[in-house]
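In: for reference, the sequence and a predicted model appear below.
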Amino acid sequence: MSGQRREEKRLDDLRQRIAARRREQGAGHGGEGERARASAYHLMLRLLADMGVALTAGVLLGYGVDHYAGTRPWGMLAGALLGLAAGVRNVLHTADSVSRGRRAGAGGDASDENSAANS
């Protein structure tokens, strides 16, 4: 029995050391502030990707129109403008979704405000 108690004591000691080490590491890495920065960075990358993909798709579609219709450079210019408009729309939609999520998380009721704006 004493061997089993020693093992339990060692396990408890190990659990306490692990918990203390995790607390030290959590305090040293900035915790919530670092998570907020990482979240903002990921949001920025998402917005950049939304804009870039829409603009690239517009330019490529415009280039295809130019190639088959022989309207160079007007198709590509029109495609770039449409892609830019689509990219701005995507960015605004994403930013609005993030904003709604943050307002709902802060206790505000965003559904009434946004349903009136979307009508």
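Out: Nice, I can see it. What you are looking at is a predicted structure, and each value in this text was computed from that prediction instead of being measured.
In: find the nearest non-adjacent residue to the most centrally placed residue in the chain, please.
Out: Centroid check for the chain by CA atoms, centre = their mean gives Leu43 as the closest residue, at 3.6 Å. Of all residues not flanking Leu43 in the chain, Val98 sits nearest, at 6.3 Å (CB to CB, 6 or more residues apart in numbering). From N, CA and C alone the C-beta is placed, and that goes for glycine too.
In: which of the helices or strands spans that neighbour?
Out: helix 74-105 (DSSP states H and E).
In: now do that helix: which elements does it pack against?
Out: When contacts are defined as 3 or more CB pairs under 8 Å, 6 or more residues apart in numbering; DSSP states H and E, helix 74-105 packs onto helix 32-69, helix 110-118.
In: so which of those is the most packed in?
Out: Of all the helices and strands packed on helix 74-105, helix 32-69 has the most neighbours on average by mean count of other CB atoms under 10 Å, namely a mean of 14.
In: what's the angle between that helix and helix 74-105?
Out: Between helix 32-69 and helix 74-105, the angle formed by their directions is 160 degrees, by axes from the mean of the first three to the mean of the last three CA atoms, to 10 degrees.
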